[in-house]
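Engineer: Based on what follows, work out the 3D shape:
(one chain, ligands or ions: 2)
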Amino acid sequence: MPLLDILVYPDDRLRQVAAPVSSVDNATRNLVDDMFETMYDAPGVGLAATQVDVHQRIVVIDVSEDKDQPLTLINPEIVSTHGKLAGEEGCLSIPGIYETVDRAESIVFKALDKDGVAYEREADGLLAVCVQHEVDHLDGKLFVDYLSALKKRRIRKKMLKHEK
Ligand code: GNR
Ligand code: NI
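Structural biologist: Ligands and ions are numbered 1, 2, ... in the order given. This next block holds a predicted model:
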């Protein structure tokens with residue numbers, strides 16, 4: 001299974017809004033498998049299809065210690081949010097940058113699994129943060145969008161400088 005290339009900020013393709021998956025088929029499952037492999041290799045706790053230049057509403061997440069609890073979210077939707085929490089975030093598309101972002105503390109989300117079966121679950125902690133971060137990716141949004149214009153400009157400059 002091939003590793004996929006991860007787009008790096010400020011690549012414009014990270015701004016595309018992903019389209020809903022109309023049917024979960026073998027092509028979807030192959031992409032999901034490649035996304036898990038890419039995420040574990042990176043390593044990261046989540047990956048949105050947008051980051052690998054596929055503009056479909058597909059996310060993979062594994063926040064477990066032993067990396068043995070893969071979660072597939074197809075057409076994810078955040079149903080409700082509770083509380084607020086400031087936490088440090090990183091992003092595979094913005095390597096080396098870690099900044100504090102405000103998120104909901106806990107959420108209820110729904111999605112389809114890799115078999116196309118709908119599920120709904122509650123999340124808090126890192127999983128809640130991660131789902132919010134990944135759904136943002138599908139909407140073309142990045143965590144730096146929550147920072148001040150000054151901080152964002154500095155990060156942009158740094159990323160361009162480190163570009164090969
Ligand atoms: O690996 C990741 N870690 C992380 C840490 C705090 C908040 C969000 C994340 S998601 C990130 C992987 C990634 O970029 N997913 O889009
Ligand atoms: Ni990210």
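Engineer: Write out the residues of this protein neighbouring ligand 1.
Structural biologist: Residues of the chain lying close to ligand 1 by CB under 6 Å from any ligand atom are 44-48, 51, 89-93, 129-130, 133-134, 137. Using the backbone N, CA and C atoms, a C-beta is placed for each residue, glycine as well.
Engineer: run the last query once more with 8 Å
Structural biologist: Residues of the chain lying near ligand 1 by CB under 8 Å from any ligand atom: 39, 42-48, 51, 87-94, 101, 126, 129-130, 133-134, 137, 143.
Engineer: Among the residues you listed, which lie within strands?
Structural biologist: Mapping these onto strands (DSSP state E) picks out 46-48, 87-89, 101.
Engineer: now the protein, which segments are flagged as low pLDDT?
Structural biologist: For the chain, applying pLDDT under 70 flags the ranges 164.
Engineer: where do the strands sit along it?
Structural biologist: Using DSSP E, strands in the chain cover 46-48, 58-61, 71-82, 85-89, 99-103, 106-112, 118-124.
Engineer: a markdown table for these, including mean neighbour count?
Structural biologist: Below are the strands of the chain laid out as a markdown table (neighbours: other CB atoms under 10 Å):
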| stretch | mean neighbour count |
| --- | --- |
| strand 46-48 | 27 |
| strand 58-61 | 27 |
| strand 71-82 | 18 |
| strand 85-89 | 13 |
| strand 99-103 | 16 |
| strand 106-112 | 19 |
| strand 118-124 | 13 |
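Engineer: got the ones you listed as CSV, with distance to residue 157 columns?
Structural biologist: Below are the strands of the chain laid out as CSV (distance: least, CB to CB, whole Å):
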stretch, distance to residue 157
strand 46-48, 24
strand 58-61, 29
strand 71-82, 32
strand 85-89, 20
strand 99-103, 15
strand 106-112, 33
strand 118-124, 34
